[in-house]
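Chemist: got a structure for you, letters missing:
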């Protein structure tokens, strides 16, 4: 398949997407937003799970979707950047869940949870397609790797200022492991991420899924979903490896079974990407990505993002 062909049919959303507004008129979820610079210039790239191609009864799509923007307001559907068939070790009908991507060494690396029990990594010279399996084997494999957890899904990659890359993933117990400079090889054991100070007595204030790390002014912010349904909450620490101390809620409960967030900081501004039921016919298996400004208080805490009325 020529993935760029879909870009010729890309449709810009007529109204600028805002708080509580879908970025596209197509079901999508599990946002992975980035600002990438190529020879053509800089642009925002948003990789997503494609809820429009699932059964509507489960998260069983086999392709990922890409959206692009030059201004964070109007987004274009750039089609399918890759699907699970890129990974020959995977079943062709394996589930394609929440991905992540990173630009490094002049190349683009796509981290793909496949089938609920393995994470693959694909590489390309461009961000919108041309991805090939970087290893020919999974990067993380539940059956192979010690401490991979119940479900090695929801990969998120963070590169620290010293150049060290870290991979976060997992449900119920968050995991972290260093990546080698090639971005395709684990560098050491898979470790549990420690989160301290979670509210006692609240069974819903626990780690569920969707680990994500970003850094601001020397503080590392670890955000995650507390479950099904869940809030998006955050904890902070002094190292990418943790431990992280619970700080509070970023986004309150939504009327869907899952939530998945990512935070993008660019040009002195911060945005929270998340998904919700926003389009007609939407629901827990037909979600839509939205974007909201993210703000911090004087002590470096994240201010809770208000939910838009429906």
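Modeler: That came through fine. Keep in mind the model is a prediction, meaning the values are calculated, not measured.

Chemist: low-scoring stretches of the stretch 201-310 of the chain, by residue?
Modeler: 310 (pLDDT under 70).

Chemist: So which residues of it form strands?
Modeler: 209-216, 219-225, 232-237, 244-251, 262-266, 269-276, 288-293 (DSSP state E, counting those that start in this stretch).

Chemist: Need phi/psi at residue 41.
Modeler: Backbone torsions for residue 41, taken as degrees, to the nearest 10, come to phi 120, psi -170.

Chemist: State the pLDDT value of it.
Modeler: pLDDT, residue 41: 95.

Chemist: What of residue 15?
Modeler: 37.

Chemist: And the one 4 residues further on, by the same measure?
Modeler: Predicted confidence (pLDDT) at residue 19: the value is 70.

Chemist: residue contacts, it?
Modeler: When the contact criterion is C-beta atoms under 8 Å, 6 or more residues apart in numbering, the partners of residue 19 are 290-293, 305-306, 308. C-beta: built from backbone N, CA, C; applies to glycine.

Chemist: can you list these in TSV and add distance to residue 106 and neighbour count?
Modeler: Shown next, in TSV, are these (distance: C-beta to C-beta, whole Å; neighbours: other C-beta atoms under 10 Å):
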residue	distance to residue 106	neighbour count
290	32	20
291	28	25
292	32	20
293	32	13
305	35	20
306	40	11
308	39	13
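
Chemist: could the strands of the stretch 201-310 of the chain go into JSON lines alongside distance to residue 138?
Modeler: Below are the strands of the stretch 201-310 of the chain laid out as JSON lines (distance: least, C-beta to C-beta, whole Å):
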{"stretch": "strand 209-216", "distance to residue 138": "18"}
{"stretch": "strand 219-225", "distance to residue 138": "23"}
{"stretch": "strand 232-237", "distance to residue 138": "28"}
{"stretch": "strand 244-251", "distance to residue 138": "27"}
{"stretch": "strand 262-266", "distance to residue 138": "23"}
{"stretch": "strand 269-276", "distance to residue 138": "26"}
{"stretch": "strand 288-293", "distance to residue 138": "27"}
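
Chemist: Of the ones you listed, which is nearest residue 56?
Modeler: strand 288-293 (14.0 Å; C-beta to C-beta).

Chemist: relative orientation of the closest one and strand 262-266 in degrees?
Modeler: 40 degrees (axes from the mean of the first three to the mean of the last three C-alpha atoms, to 10 degrees).

Chemist: What is the nearest of the contacts of residue 19 to residue 134?
Modeler: Looking across the contacts of residue 19 and measuring by C-beta to C-beta, the closest to residue 134 is residue 291, at 29.5 Å.

Chemist: Quick check: the two most widely separated of the contacts of residue 19?
Modeler: Maximum distance among the contacts of residue 19 (C-beta to C-beta): 13.7 Å, for 291 and 306.

Chemist: List the residues that contact residue 127.
Modeler: By C-beta under 8 Å, 6+ apart, the neighbours of residue 127 are 34, 36, 38, 45, 66, 81, 101, 103, 108.

Chemist: List the residues that contact the closest residue in space to residue 135 that isn't next to it in sequence.
Modeler: Spatial nearest neighbour of residue 135, excluding adjacent residues (C-beta to C-beta, 6 or more residues apart in numbering): residue 184 at 5.5 Å. Residue 184 sits next to 109, 121, 123, 134-135, 139 when contact means C-beta under 8 Å, 6+ apart.

Chemist: quick one: which of those residues is nearest residue 236?
Modeler: Nearest to residue 236 among those, with distances taken as C-beta to C-beta, is residue 109, at 26.6 Å.

Chemist: Residue 54 - nearest residue in space that isn't next to it in sequence?
Modeler: That would be residue 61: by C-beta to C-beta, 6+ apart, it lies 4.2 Å from residue 54.
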